[in-house]
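1. no FASTA, just this:
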């Protein structure tokens, strides 16, 4: 404990310049670095999405070689999942978890530093594969064998090493979160008094520890198949390519929930604050989160309905997938009920949070459609699936991260961002994201396959619309970058008050207002 307090107050090493960031064990510095890494990855991965959408703007092959198109789809997916969404949530956890539970720092500050610094090197290596012989990985972000083993470019070895390093970083980060929450809560902070963001991260950390070794296992089996003559996934040697899918999705499905559970926590805080009410059903939110986490381990093969599962397997995975809709529905009900008859105001964080609830629900409903095994035979590997998971991950995970940054930025830097720029960013993002991903449902239902650089003429109009939407959405993120810069480095933001999100001046509410912004206490409960 004393070491944690010492490390919170001192940056080990020189005070000035770049080395301060290299040596720092301060949870706020490390959280900031995670968030900056995520922002950089978002822009790089978004540029790759621009390449994809520019190619698909009209039928035929325009800009890029089909192999390079496949490299772009692969790298875009990997960078967005492992480089943008996950590090952003870890950055938010680093900043907020110690403050929310009254701890001076994370429990393991040195490991915290190391788990961050592994990541830039892992992503550097992944990006370097673009310049290697045979090019970057071109087998899709799910890297199914045998495409990623028998037929992979030579750079696949570097890809495997990169994934291993990211996994080590994730496991250390998760251990750190768990130890911090278990051992360093302030006196009186019982588990059922913890803020919901802390709860969602605690559950997420357990998911990470459970599934990251599975990912390490599957990439190690790939490595053995490629270099050491084994045939785990090679049918010619008695292996089975479907085994790869089972092991991968046993990691991959809980991973999807790792990318959405912290979002639930962020949105719960924001909706409670801007509705000026305590969150409806705190206990049910905690239990719903825990049950989603448990159920996420028994649904992995719904990604595999078309591989020839036995009928009893299809039925089991179909019904268990539908079961996850229940605790998710509980959460949506609680958010809507929190807003109901609240004294709502619509600042930028609240706009992003409401958009999250509405659009994430659309993603959840298309997920229910995909859960129906006989229907999934039609949807599988079409743009309908692309539409579904982007509705969960863009207006879901990404919007919640943006909401959280807008919400907590005044607390982090003491300055208020430009609300006008924030609203411009929100509306352009909201319009862009829907123009991009909603028409994908239609081309998917009409049979357009995913990950293909060319398509039949009947899909041309919708694809042109989608590409325009993608450029609107992508370019609107530059407003966010500018707003961040002017608030933090540019020094243009107004001084934030200590109750930056408290009720508007001169208004009195009959209902209890949330705790003052600068103290992370639970809002008073309605009697």
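-> All right, it came through fine. Because the structure is a prediction, the values reported are computed rather than measured.
2. which helices and strands does the host helix or strand of residue 485 pack with?
-> Counting by DSSP states H and E, the element that carries residue 485 is helix 460-488. Secondary-structure packing of helix 460-488 (3 or more C-beta pairs under 8 Å, 6 or more residues apart in numbering; DSSP states H and E): helix 27-55, helix 399-413, strand 415-416, helix 419-445. The way it works is simple: take the backbone N, C-alpha and C, and place the C-beta from them, glycine included.
3. what about those, which gets the closest to residue 489?
-> Of all the helices and strands packed on helix 460-488, it is helix 399-413 that lies closest to residue 489, at 9.4 Å by C-beta to C-beta.
4. and that closest one with helix 27-55, angle?
-> Helix 399-413 runs at 140 degrees relative to helix 27-55, counting by axes from the mean of the first three to the mean of the last three C-alpha atoms, to 10 degrees.
5. Packing partners of helix 399-413?
-> helix 27-55, helix 86-101, helix 261-275, helix 348-371, helix 419-445, helix 460-488.
6. what does the average pLDDT come to for that helix?
-> Averaging pLDDT along helix 399-413 yields 96.
7. Same check on stretch 260-270?
-> The model assigns stretch 260-270 a mean pLDDT of 97.
8. mind listing what residue 81 touches?
-> Going by C-beta atoms under 8 Å, 6 or more residues apart in numbering, residue 81 touches 141, 255, 259, 393.
9. Tell me how many other residues surround the closest residue to residue 424 other than its chain neighbours.
-> The shortest distance from residue 424 to any non-neighbouring residue, by C-beta to C-beta, 6 or more residues apart in numbering, is to residue 479 (5.6 Å). The criterion is other C-beta atoms under 10 Å. On that basis, residue 479 has 18 neighbouring residues.
10. do residue 464 as well
-> For residue 464, the neighbour count with other C-beta under 10 Å is 16.
11. which ones are touching it?
-> Taking C-beta under 8 Å, 6+ apart, we find residue 464 in contact with 57-58.
12. roughly how far apart are it and residue 50?
-> Between residue 464 and residue 50 the distance is 15 Å, computed by C-beta to C-beta, to the nearest Å.
13. what residue ranges in the protein score low on pLDDT?
-> Low-confidence segments of the chain (pLDDT under 70): 1-15, 503-527.
14. hmm, which of the contacts of residue 81 are the buried ones?
-> 141, 255, 259, 393 (16 or more other C-beta atoms under 10 Å).
15. any chance of those in a markdown table, plus distance to residue 415 and secondary structure?
-> Formatted as a markdown table, these follow (distance: C-beta to C-beta, whole Å; DSSP: H, G, I helix; E, B strand; the rest coil):
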| residue | distance to residue 415 | secondary structure |
| --- | --- | --- |
| 141 | 37 | coil |
| 255 | 35 | helix |
| 259 | 29 | coil |
| 393 | 30 | helix |
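16. how about those residues, which pair is most distant?
-> Maximum pairwise distance in the buried ones among the contacts of residue 81, criterion C-beta to C-beta, is 12.9 Å, between 141 and 259.
17. how close does residue 71 sit to residue 129?
-> Residue 71 sits 9 Å away from residue 129, going by C-beta to C-beta.
18. Buried ones in the longest helix anywhere in the chain, by neighbour count?
-> If you go by DSSP state H, the chain has its longest helix at helix 196-227. Within helix 196-227, the residues that qualify as buried are 196-212, 214-216, 218-219, 221-223, 225-226, counting by 16+ other C-beta under 10 Å.
19. Stretch 381-388 too?
-> So, applying 16+ other C-beta under 10 Å, buried residues of stretch 381-388: 382-388.
20. From those residues, pick the one nearest residue 489.
-> residue 386 (36.4 Å).
21. Hmm, that closest one is touching residue 440, no?
-> Yes. In this structure residue 386 lies within contact range of residue 440 using C-beta atoms under 8 Å: 5.5 Å.
22. which residue packs closest to residue 413, ignoring adjacent ones?
-> Closest residue to residue 413 apart from its sequence neighbours, by C-beta to C-beta, 6+ apart: residue 488 at 5.1 Å.
23. Run the chain-centre distance for the helix or strand encompassing residue 122.
-> Using DSSP H and E, residue 122 falls within helix 109-128. Relative to its parent chain, helix 109-128 has a centroid offset of 18 Å by C-alpha atoms, centre = their mean, to the nearest Å.
24. now swap in stretch 285-299 and tell me
-> With C-alpha atoms, centre = their mean, you get 17 Å for stretch 285-299.
25. Confirm that residue 62 sits in a helix.
-> No. In this structure, residue 62 is coil, not part of a helix, as judged by DSSP: H, G, I helix; E, B strand; the rest coil.
26. My guess is it contacts residue 56. True?
-> No. Using C-beta under 8 Å, residue 62 is not in contact with residue 56; the gap is 9.1 Å.
27. More neighbours: the two, which one.
-> Set residue 62 next to residue 56 and count neighbours by other C-beta under 10 Å: residue 56 wins out with 24 against 12.
28. This completes my enquiry, with thanks.
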